[in-house]
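In: Fold the following for me, if possible:
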Amino acid sequence: MQVLRHSIKLFTATALTLSISGCSLFQTQPEVSYQQDKTYKLTVLHTNDHHGRFWKDSKGRYGMAARMTLIKQIREEVEAEGGQVLLLSGGDINTGVPESDLQDAVPDFKGMNMLGYDAMAVGNHEFDNPRKVLEMQEDLANFPFLSANIIDDKTGKPLFEPYTLFDVDGLQVAVMGLTTNDTPKQTSPENIVGLTFEEPVEAASKLVPELEKKADVIIATTHMGHYANGNYGANAPGDVTLARSVDGIDLIVGGHSQDPLFKPDQQNGTYIVQAWEWGKFVGRADFEFKNGDLKLVDYQLIAVNHENAEVLLAQDPAMLELLTPYQEKGTKMVQGTVGSVDERLLGERKEVRFKPTNLGTLVTEAFIAKTGADFAVMNGGGIRASIDKGEISYKDVLTVMPFGNTLSTVEMTGQEVLDYLAVVANKPADSGAFAHFSGVEMTINDGKVSNVKVAGDKIDINKTYKMALMDFSADGGDNYPKLTDKASYVDTGFVDADVLKEYIENNSPLKASNYEPVGVIRR
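Out: Here you go, the predicted structure:
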């Protein structure tokens, strides 16, 4: 069955139909021809924002092997009741866990093949790698990558299939894909050369009328974000705006904002669902269709081995057999040596939460090197361990920065920088908020910040400066000023540990004395 699904994926947007099992005959001109008075049962399972979590975490939570057990159980239950299942992804399979990142998410896509995914939306993090990696992943997958609004400038056509059609026991179901048009701001420019990201609403407005002629049910699997009441702020418009703007979409399976919607958001007759992130949950939407009417019978988010679960899902043996070699290989890869240092880099809790340290400077210097920012800030609570004198392993780096946060940037005027520093520079010692800096000098005295210099020059209140920091801090973590709603905010998608690893590799052997904190005077 997997071979068949792979062999037909290139035809998904050419008005062909495919059964859920992958075994029905194709029709070159599918008709909307459901049987009158027949009740069709369709269960849509969904995940989103997988971000490399093919393996269970240190607490035994989620992972594809446990997800496999759950999905098998649901399929058996649905089929016993005369229904059929579609399994969809809201995208962002890439970026988040080094064991996956270092293997170009090959274990993740192979795991998705075994799980039997039917289609996925293309996420912005699918563009974190060079285009050849994305092409390899698409070729590896036994299911279509969908996006109607990513246009190849050379051809003027979508880079990916815009939609696919399924024949569900005679019921025609269309699944279209849409990707946030914020993607160019959230990834490396070289990875999207020659592509135009159209407004998803514009693309859907053209496509849905076409699909209404071919399908009884229209589903959009999207990577756009769910923003309550359509309040998307500085982000590109998301699923609520799509539902309100385009009639005819029955269900939106979303991603990007990484929200756990325990109850579907219904807008303009469209159900919107999202299953948080990392495979922590599988969303289950049970529908019945009769005489042209689609009814949501039940919806739930089902936890995949929540840490407080009384009974844990078993790890599927076949999935374990597939993924174990990749996990073992990834473990070896992260244990490799990435560089060396001549003295200890201070990162213990009693150090980084009380005073600037050489490790804090090293981290912020790495941020600047990666982004070209004028200055950088790091909260002390985000540094979790020291690096001892001698060789530095990748495991050491991951221990220092274990959270998988991503590096972000924001542009601010000199006056906005002064206002920001007035808050952040005064975060108290003995707290995770205590700030470490590079590229900025200042005097902090009795709650006031003065004598500020950026990149060695006195700050100009009218000049624009670029700051680098963790997405955690930019989103208001540790009560830092919230910056994610600023138009210039960019989540680069680069994982913190990987940024630090790259810097150590490029600058070893490190001299700890080069990273002694200077320029910030506290009185």
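In: now the helices for the stretch 351-500 of the chain?
Out: Secondary structure of the stretch 351-500 of the chain, counting by DSSP state H, counting those that start in this stretch: helices at 358-371, 394-400, 414-424, 471-474, 496-507.
In: can I get these in CSV with mean pLDDT, distance to residue 254 and mean neighbour count?
Out: Where you see a C-beta, it was placed from the backbone N, CA and C, and this is true even at glycine. Shown next, in CSV, are those (pLDDT from 0 to 100; distance: least, C-beta to C-beta, whole Å; neighbours: other C-beta atoms under 10 Å):
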stretch, mean pLDDT, distance to residue 254, mean neighbour count
helix 358-371, 97, 29, 24
helix 394-400, 87, 30, 22
helix 414-424, 96, 32, 18
helix 471-474, 91, 19, 22
helix 496-507, 96, 26, 21
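In: Tell me which of the ones you listed sits nearest to residue 218.
Out: Among the helices of the stretch 351-500 of the chain, the nearest to residue 218 by C-beta to C-beta is helix 471-474 (33.6 Å).
In: Mind giving me the packing neighbours of the closest one?
Out: Helices and strands touching helix 471-474, by 3 or more C-beta pairs under 8 Å, 6 or more residues apart in numbering; DSSP states H and E, are strand 375-379, strand 406-413.
In: Need the winner for burial among those.
Out: Most buried of the helices and strands packed on helix 471-474, by mean neighbour count (mean count of other C-beta atoms under 10 Å): strand 375-379, with a mean of 25.
In: Show residues contacting that one.
Out: 360, 363-365, 367-368, 424, 427, 432-440, 454-455, 465, 467-470, 472-473, 477-478, 480 (C-beta atoms under 8 Å, 6 or more residues apart in numbering).
In: related to what we said a few turns ago, nearest to residue 105, out of the helices and strands packed on helix 471-474?
Out: Closest among these, once you apply C-beta to C-beta, is strand 406-413, at 16.0 Å.
In: Residues touching that closest one, excluding its own?
Out: Identification of contacts with strand 406-413 by C-beta under 8 Å, 6+ apart yields 95, 367, 370-371, 373, 420, 461-471, 474, 483-484, 486, 488-496, 499.
In: can you put the helices and strands packed on helix 471-474 in TSV and add mean pLDDT and distance to residue 104?
Out: As requested, those are arranged in TSV below (pLDDT from 0 to 100; distance: least, C-beta to C-beta, whole Å):
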stretch	mean pLDDT	distance to residue 104
strand 375-379	97	28
strand 406-413	95	18
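In: Residue 52: which of these is closest?
Out: Nearest of the helices and strands packed on helix 471-474 to residue 52, taken as C-beta to C-beta: strand 406-413 at 12.4 Å.
In: Can you list the strands that that closest one pairs with?
Out: The strands beside strand 406-413 in its sheet (DSSP bridges) come out as strand 464-470 (antiparallel), strand 490-495 (antiparallel).
In: Could you identify which of these is most buried?
Out: strand 464-470 (a mean of 23).
In: nearest to residue 255, of the helices and strands packed on helix 471-474?
Out: strand 406-413 (15.6 Å).
In: ok and the closest one relative to helix 414-424, angle-wise?
Out: Counting by axes from the mean of the first three to the mean of the last three C-alpha atoms, to 10 degrees, strand 406-413 points 130 degrees away from the direction of helix 414-424.
In: Let the chain start at 51 from now.
Out: In the new numbering, first residue 51, that becomes strand 456-463.
In: quick one: least confident helix or strand in this structure?
Out: helix 52-58 (a mean of 29; mean pLDDT, DSSP states H and E).
In: quick one on the thing from earlier: and residue 183, which of the helices of the stretch 401-550 of the chain is closest to it?
Out: Of all those, helix 546-557 comes closest under C-beta to C-beta, at 15.0 Å.
In: Which elements pack onto that closest one?
Out: The contact analysis (3+ C-beta pairs under 8 Å, 6+ apart) places helix 546-557 against helix 148-151, strand 387-391, helix 408-421, helix 444-450, strand 456-463.
In: now stretch 99-107: mean pLDDT?
Out: For stretch 99-107, the mean per-residue pLDDT is 93.
In: Would you mind giving the helices of the stretch 401-550 of the chain as JSON lines with distance to residue 216 added?
Out: What follows is the helices of the stretch 401-550 of the chain, written out as JSON lines (distance: least, C-beta to C-beta, whole Å):
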{"stretch": "helix 408-421", "distance to residue 216": "42"}
{"stretch": "helix 444-450", "distance to residue 216": "41"}
{"stretch": "helix 464-474", "distance to residue 216": "50"}
{"stretch": "helix 521-524", "distance to residue 216": "36"}
{"stretch": "helix 546-557", "distance to residue 216": "38"}
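In: Any idea which of those helices gets closest to residue 124?
Out: helix 521-524 (33.2 Å).
In: which residues touch that closest one?
Out: For helix 521-524, the surrounding residues in contact (C-beta under 8 Å, 6+ apart) are 427-429, 432, 453, 455-458, 460, 528, 530, 532-534, 539, 541.
In: Can I get that helix in CSV, CA atoms only?
Out: Output in CSV follows, covering the C-alpha atoms of helix 521-524 (Å, rounded to 0.1, in the frame of the first residue of the first chain):
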residue,chain,number,x,y,z
ASP,A,521,12.0,33.6,21.3
PHE,A,522,11.1,32.8,24.9
SER,A,523,12.3,36.3,26.0
ALA,A,524,10.8,38.0,23.0
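In: what about that helix, distance to the chain center?
Out: Chain-centre distance of helix 521-524: 15 Å, with C-alpha atoms, centre = their mean, to the nearest Å.
In: got it, and stretch 548-558?
Out: Between the centre of stretch 548-558 and the centre of its chain there are 23 Å (C-alpha atoms, centre = their mean).
In: One more: stretch 328-340?
Out: Relative to its chain's centre, stretch 328-340 lies at 20 Å (C-alpha atoms, centre = their mean).
In: With stretch 87-94 instead?
Out: Stretch 87-94 has its C-alpha centroid displaced from the chain centroid by 32 Å (C-alpha atoms, centre = their mean).
In: From what I see, residue 512 and residue 464 are in contact.
Out: Yes. The pair residue 512 / residue 464 is scored as a contact, 6.3 Å apart, by C-beta atoms under 8 Å.
In: mind listing the helices for the stretch 151-300 of the chain?
Out: According to DSSP H, counting those that start in this stretch, the helices that the stretch 151-300 of the chain contains are 156-165, 181-190, 250-262, 289-295.
In: So which other helices or strands are in contact with the last one?
Out: Using 3+ C-beta pairs under 8 Å, 6+ apart as the contact criterion, the neighbours of helix 289-295 among helices and strands are helix 250-262, strand 267-273, strand 301-303, strand 315-317, strand 320-323.
In: now swap in the first one and tell me
Out: With contacts taken as 3+ C-beta pairs under 8 Å, 6+ apart, helix 156-165 sits against helix 114-130, helix 181-190, helix 367-384.
In: Next, format these as JSON lines and append distance to residue 141.
Out: Shown next, in JSON lines, are those (distance: least, C-beta to C-beta, whole Å):
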{"stretch": "helix 114-130", "distance to residue 141": "16"}
{"stretch": "helix 181-190", "distance to residue 141": "12"}
{"stretch": "helix 367-384", "distance to residue 141": "21"}
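In: how near is residue 176 to residue 188?
Out: Using C-beta to C-beta, to the nearest Å, one gets 9 Å for the distance from residue 176 to residue 188.
In: Dump the helices and strands packed on helix 521-524 to JSON lines, plus distance to residue 374.
Out: Shown next, in JSON lines, are those (distance: least, C-beta to C-beta, whole Å):
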{"stretch": "strand 425-429", "distance to residue 374": "36"}
{"stretch": "strand 456-463", "distance to residue 374": "28"}
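In: Name the nearest residue to residue 232, sequence neighbours excluded.
Out: Leaving aside its sequence neighbours, residue 232 sits nearest to residue 286 (C-beta to C-beta, 6 or more residues apart in numbering; 4.1 Å).
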